[in-house]
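S.K.: Below are the sequence and a predicted model; questions follow.
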Amino acid sequence: MNNVHENTNNTTSANAFKILMILIWTQDTLWGFIRVFFMGIPIINSIADYIIPGMLIVFAILSLPWIIMNIRTTDMLIYVILILCIFVSTQLYPRNAPYIESSFIDIVIKALPMYFIGLAYNHEISKQQLYFCSLVSILGMSIYQFYLLSTGRELNSDNMHAAYSVLPSVMYIIYYFFENKKSMALFLCIIGIFLVFSYGTRGPVLAMIVFLIVGIYLKSRKNRYLYICIGIGVVFLIFSTDIVMRSVMYLQNTFEEIGLSTRIFDFFINGDITYSSGRDIIMDDTVALIKRKALFGYGMMGDRYYLSGSYTHNLFLELWCHYGIILGSALILFFISTPLEGLRCCKADIKLFLIMLVCMIYTKLMVSSSYLIEPFLYFMIGVSVAAVRKAKLRRLC
């Protein structure tokens, strides 16, 4: 009887975790549309801002039995220690305290707990749900983009927030196409890639390109010579003809006529595709800071104080600036080795998904965002650690 009750609780919490994953996956794409829908309903509109966050909390609580079943005491201990380290940092580095305090919720509530979500994540039971969420997210964001165009607006400037918001969905659809080769997924890939290009931000475009190259290579290992021949052909076209420039100019004109941002194509045509938009100055300043205090660094978020509220835009430099060369390098090694070990240990059904996360997260962290507030970084670490633990259990059995 107790076993039946326990299995029922596990099933309920597992189903709640599925819904929790859906809410997490769509928070940057669909939540806004759902909020607008609730805002149009009398009485309910007064609590529209709290409905979905409230659902997130409810399903997180309902998921606790499933999550607890997949985590260890050491995981909770590490989380508590990290929170204590944050508090200690505010005392040791009072200059950094305002920046730490302003991001405290993002770090402690939004980012770090994603490690537990990664530990509890089961790709087999969430694979289809994430596909559907990504499908709806891409279509919803695309329809909204063209709605803005239909109102007569010209979207000539870049929209970094929207690009990074829809990027996980686009990357997942690309992953899903590699795995299943379905025509619907291919159609969504094209729409998603076009959508990301339309936002005019290079970081998300670079993440897609990296994953596409890696995915094509991995999925064509049986036809490796064909892949090499295609690669040689592409290189020949790039360097011996002007077909690439003509294609980019055509896309630039097409986007301009529609009213979408041509920023990426402008960079390419003008030879400024690697232009850092001022980030090189920030990085130079950060390197100078690291040289002045290389051993121990400036503490958590120390770069914010010395860069007048800005941040480094580079994972390696940020860690060295915060913690010095020794501890910073140790953390870099941890962030690199953990997903690599996860890839070595994980089963085939989740390997490409983990590669997708690696391409998306580390490309982003090397040009934008911060390791402190990037939720998917800790989700990826959790997925990797879970894969390693499961592999050890399989060896023991």
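M.R.: Arrived safely, thanks for sending.

S.K.: list the helices and strands the longest helix along the chain packs on?
M.R.: For the chain, the longest helix by residue count, based on DSSP state H, is helix 315-345. Using 3 or more CB pairs under 8 Å, 6 or more residues apart in numbering; DSSP states H and E, the elements in contact with helix 315-345 are helix 279-292, helix 302-306, helix 348-367, helix 375-396. C-beta here means a position set from N, CA and C on the backbone, and glycine is covered the same way.

S.K.: Now do the buried residues in the longest one.
M.R.: Right, the one you point to is helix 375-396. 375-387, 391 (16 or more other CB atoms under 10 Å).

S.K.: How about the first one?
M.R.: Burial within helix 279-292, assessed by neighbour count using 16+ other CB under 10 Å, is assigned to Arg279, Ile282, Asp285, Thr286, Leu289, Ile290.

S.K.: so where is the stretch 101-250 of the chain shaky, pLDDT-wise?
M.R.: Residues of the stretch 101-250 of the chain meeting the criterion pLDDT under 70: 149-158, 221-250.

S.K.: Tell me how far the longest helix of the chain lies from the chain's centre.
M.R.: Its chain's average C-alpha position is 17 Å from that of helix 315-345, according to CA atoms, centre = their mean, to the nearest Å.

S.K.: which of the residues in that helix are buried?
M.R.: Residues of helix 315-345 classed as buried: 315-324, 328, 331-332, 335, 338-339, 342-343, 345 (neighbour count, 16+ other CB under 10 Å).

S.K.: among the buried residues of helix 279-292, which one has the lowest pLDDT?
M.R.: Among the buried residues of helix 279-292, Arg279 carries the weakest pLDDT, at 73.

S.K.: Go ahead and confirm Phe353 touches Phe178.
M.R.: No: the criterion here is CB atoms under 8 Å, and Phe353 misses it with Phe178 at 10.0 Å.

S.K.: before we move on, the earlier item: among the helices and strands packed on helix 315-345, which is nearest Thr201?
M.R.: helix 348-367 (9.7 Å; CB to CB).

S.K.: now the angle from that closest one to helix 315-345?
M.R.: For helix 348-367 against helix 315-345, the angle by axes from the mean of the first three to the mean of the last three CA atoms, to 10 degrees is 170 degrees.

S.K.: Show me the contact partners of helix 348-367.
M.R.: Around helix 348-367, the neighbours that count as contacts under CB atoms under 8 Å, 6 or more residues apart in numbering are 123-124, 164, 167-168, 171-172, 174-175, 178-179, 202-204, 206-207, 210-211, 214-215, 218, 279, 313-316, 339, 342-343, 346, 371, 374, 376-377, 379-380, 383-384, 387.

S.K.: List the buried residues for that helix?
M.R.: 350-367.

S.K.: repeat for stretch 120-136
M.R.: In stretch 120-136, counting by 16+ other CB under 10 Å, buried: Ala120, Tyr121, His123, Ser126, Lys127, Leu130, Tyr131, Cys133, Ser134, Leu135, Val136.

S.K.: As CSV, these with secondary structure would be great.
M.R.: Shown next, in CSV, are these (DSSP: H, G, I helix; E, B strand; the rest coil):
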residue, secondary structure
Ala120, helix
Tyr121, coil
His123, helix
Ser126, helix
Lys127, helix
Leu130, helix
Tyr131, helix
Cys133, helix
Ser134, helix
Leu135, helix
Val136, helix
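
S.K.: count of residues packed around Gly54?
M.R.: 11 (other CB atoms under 10 Å).

S.K.: Ok, Gln27 next?
M.R.: So Gln27, with other CB under 10 Å, has 16 neighbours.

S.K.: So for it, what's the pLDDT?
M.R.: pLDDT, Gln27: 92.

S.K.: returning to that earlier point: need the buried residues of helix 375-396 in JSON lines with distance to Gly302 and pLDDT, can you?
M.R.: Shown next, in JSON lines, are the buried residues of helix 375-396 (distance: CB to CB, whole Å; pLDDT from 0 to 100):
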{"residue": "Pro375", "distance to Gly302": "22", "pLDDT": "96"}
{"residue": "Phe376", "distance to Gly302": "24", "pLDDT": "97"}
{"residue": "Leu377", "distance to Gly302": "20", "pLDDT": "97"}
{"residue": "Tyr378", "distance to Gly302": "21", "pLDDT": "97"}
{"residue": "Phe379", "distance to Gly302": "26", "pLDDT": "98"}
{"residue": "Met380", "distance to Gly302": "25", "pLDDT": "97"}
{"residue": "Ile381", "distance to Gly302": "23", "pLDDT": "97"}
{"residue": "Gly382", "distance to Gly302": "27", "pLDDT": "97"}
{"residue": "Val383", "distance to Gly302": "30", "pLDDT": "96"}
{"residue": "Ser384", "distance to Gly302": "28", "pLDDT": "97"}
{"residue": "Val385", "distance to Gly302": "28", "pLDDT": "96"}
{"residue": "Ala386", "distance to Gly302": "32", "pLDDT": "95"}
{"residue": "Ala387", "distance to Gly302": "33", "pLDDT": "94"}
{"residue": "Ala391", "distance to Gly302": "38", "pLDDT": "87"}
